[in-house]
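Q: could you look at this predicted model? Sequence included:
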Amino acid sequence: MVHPAHKWIWSSSCQNKHKVFFWLVLKDRISTRELLKRKKMQLPDYTCVLCNETIEESLTHLLLECQFARQCWALVNVEVDLDLDPFQILQSFKDQLGVHFFMEVIILMSWSIWRARNDFIFRQIQPAIALAKENFREEFRWLLLRAKRAYFPMIEQWTANLV
């Protein structure tokens, strides 16, 4: 049976690049250092660039376990329960957010974390929670152009209440 998260992705108001990104996340096909290592790609280092710990950068670590990721999720008042499997974590995020546009929040925050990682690797921009928050807000502003009009008041109120 297919988890409802797949339907949630494709019915979200996110840009197609964000939807495909998150679909690849659910399939564990994002090119994290751990995946590149599995594909026998030689890198000088396989550790996470977003935290100071010497932990291999897996998809789970990067988007959920990493201290940087946890701080990003805290910006949208979501707490990660690592005792759950990935699909249970999605359901937990949905329940914690309690808004119709929960999947947009999940996708765009995951994208912001991924972007912070890539900005450091490819552009040498130091990861910063404030920058990740601004990237999230910017992507969310673009989302308003595609979101269902009925969600506008809720989205505007929700974004105004962000830390």
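A: Noted; the coordinates are in hand. Please read all numbers here as calculations on a predicted model, not as lab measurements.
Q: from here on, just use CA atoms for contacts and neighbour counts.
A: Will do.
Q: element containing residue 21, please.
A: Here residue 21, judged by DSSP states H and E, is contained in helix 16-26.
Q: pLDDT weak spots in the chain?
A: For the chain, residues meeting the criterion pLDDT under 70 lie at 163.
Q: mind listing the strands for it?
A: Here the chain has no strands by DSSP state E.
Q: longest helix of it, counting residues only.
A: helix 102-123 (DSSP state H).
Q: what angle do that helix and helix 16-26 make?
A: Orientation check (axes from the mean of the first three to the mean of the last three CA atoms, to 10 degrees): helix 102-123 against helix 16-26 gives 90 degrees.
Q: buried residues in helix 102-123?
A: Under the neighbour-count criterion of 16 or more other CA atoms under 10 Å, helix 102-123 has 102-118 buried.
Q: how far is it from where the chain is centred?
A: Centroid separation for helix 102-123 versus its chain: 5 Å, with CA atoms, centre = their mean, to the nearest Å.
Q: for that helix, name the packing helices and strands.
A: Here helix 102-123 touches helix 5-10, helix 16-26, helix 67-75, helix 86-97, helix 129-143, going by 3 or more CA pairs under 8 Å, 6 or more residues apart in numbering; DSSP states H and E.
Q: nearest to residue 46, of those helices?
A: helix 67-75 (17.0 Å; CA to CA).
Q: name the residues that touch the closest one?
A: For helix 67-75, contacts defined as CA atoms under 8 Å, 6 or more residues apart in numbering pick out 50-51, 62-64, 79-80, 109, 113, 129, 132-133, 162-163.
Q: tilt between it and helix 129-143?
A: Interaxial angle of helix 67-75 relative to helix 129-143 (the same axes, to 10 degrees): 50 degrees.
Q: pull out the buried residues from helix 67-75.
A: For helix 67-75, by 16+ other CA under 10 Å, it's 67, 68, 69, 70, 71, 72, 73, 75.
Q: circling back: which pair in the contacts of helix 67-75 has the greatest spatial separation?
A: Greatest spatial distance among the contacts of helix 67-75 (CA to CA): 51 and 162, at 23.5 Å.
Q: the more surrounded of those two?
A: Set residue 51 next to residue 162 and count neighbours by other CA atoms under 10 Å: residue 51 wins out with 15 against 11.
Q: phi, psi of the more buried one?
A: Reported as degrees, to the nearest 10, the phi and psi values for residue 51 are phi -130, psi 170.
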